[in-house]
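Novice: Below is the sequence, then the predicted model.
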Amino acid sequence: MYCEEAGTLVDAYIDGELDLVRILEIEHHIQDCPKCNRLYKNQQSLVKTLREGRLYFETPKKLDRQIHNALLKEARKSNFAGRLPAGWLTGMVTVLALMLAGWSLFTLLTAPSAEEALAKEVVNSHVRSLMLNHLQDVASTDQHTVKPWFNGKLDYSPPVEDFASKGYPLVGGRIDYINNRPVAVMVYNRRLHVINLFVWPAGNSPAQDIRSETIQGYHYIHWTTATMTYWAVSDLNPAELVDFVQLVKDSV
């Protein structure tokens, strides 16, 4: 992928609109290209500001004067100002301001919510782990091996449990990068299916009961406790994924 092509795809990548092949291509390019990496970070910062900031629809007085003077100048050039009704300049400024406000509001309303964007990021991470054959940084069925492996690599200690006796054996763990931070991922199997369990501190997020959705054929279940945020992702059938989640909830 060349810089020109990457530059045209950055916005779609941030909005989660690319297919998995394109996602992998642009991520590899951004990692290797400082110029495109800066572009990505700038665009990501802009999107974050639009989603979290407050929109003001009042036109700045300086902009009002600039538009007024520019329109008056053009009208005088065409010798047309004398035939225009009184107040036409003010009306034109108002129309332009409303158009600008409407476009800003449309952009905000059509952008995915923060949780929708995060869900796509988690599911895409699950899919990448399958495609790149990078399920585990530490491969072990022993929770007493997997849990200590995270020590010193994260600023928190993730809960790690093995559910082999219930049909959901632990097979390893890894560190991934989600929501702009490194997070722990515990990997489990259910027959031939892989379950990725993403866990990171809840921070200021309130406790939240489980909610489940399906993206691109992959099911995810998300919930938050007083201390941790959990995302379980798999192509396993929803009923068995719910059983797995209940095991995790009962263990903490």
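Specialist: Received the coordinates, thanks. Numbers count the residues shown, from 1 in each chain.
Novice: any chance you could map the helices in the stretch 1-150 of the chain?
Specialist: Taking DSSP state H, counting those that start in this stretch as the test, the helices found in the stretch 1-150 of the chain are 3-14, 20-32, 34-52, 61-77, 88-110, 114-131, 143-149.
Novice: Next, the residues that contact the last one from outside, please.
Specialist: Contacting residues not belonging to helix 143-149 are listed as 137, 138, 140, 157, 158, 160, 161, 162, 170, 172, 173, 186 [Cβ atoms under 8 Å, 6 or more residues apart in numbering]. C-beta coordinates here come from the backbone N, C-alpha and C atoms, glycine included.
Novice: what two of the residues you listed have the greatest distance between them?
Specialist: Among those, the pair separated by the greatest distance (Cβ to Cβ) is 137 and 161, at 18.3 Å.
Novice: Surely residue 167 touches residue 190?
Specialist: Yes - in terms of Cβ atoms under 8 Å, residue 167 counts as a neighbour of residue 190; the distance is 6.6 Å.
Novice: okay, now residue 119: neighbour count?
Specialist: By other Cβ atoms under 10 Å, 20 other residues sit near residue 119.
Novice: distance of it from residue 233?
Specialist: 9 Å (Cβ to Cβ, to the nearest Å).
Novice: and for these two, which residues touch both?
Specialist: Joint contacts of residue 119 and residue 233 (Cβ under 8 Å, 6+ apart) are residue 220.
Novice: who touches stretch 172-182?
Specialist: The contact list for stretch 172-182 (Cβ under 8 Å, 6+ apart) reads 118, 121-122, 125, 129, 134-140, 146, 149-150, 153-154, 160, 183-187, 198, 200.
Novice: Write the PyMOL selection for whichever of those residues are buried.
Specialist: Burial among the contacts of stretch 172-182 is assessed by 16 or more other Cβ atoms under 10 Å; the matching PyMOL selection reads:
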select buried, resi 118+121+122+125+129+135+136+137+138+140+146+149+150+154+160+183+184+185+186+187+198+200
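Novice: The contacts of stretch 172-182 in strands, which ones?
Specialist: 138, 139, 183, 184, 185, 186, 187, 198, 200 (DSSP state E).
Novice: Can you tell me the number of residues neighbouring residue 230?
Specialist: Using other Cβ under 10 Å, residue 230 is surrounded by 22 other residues.
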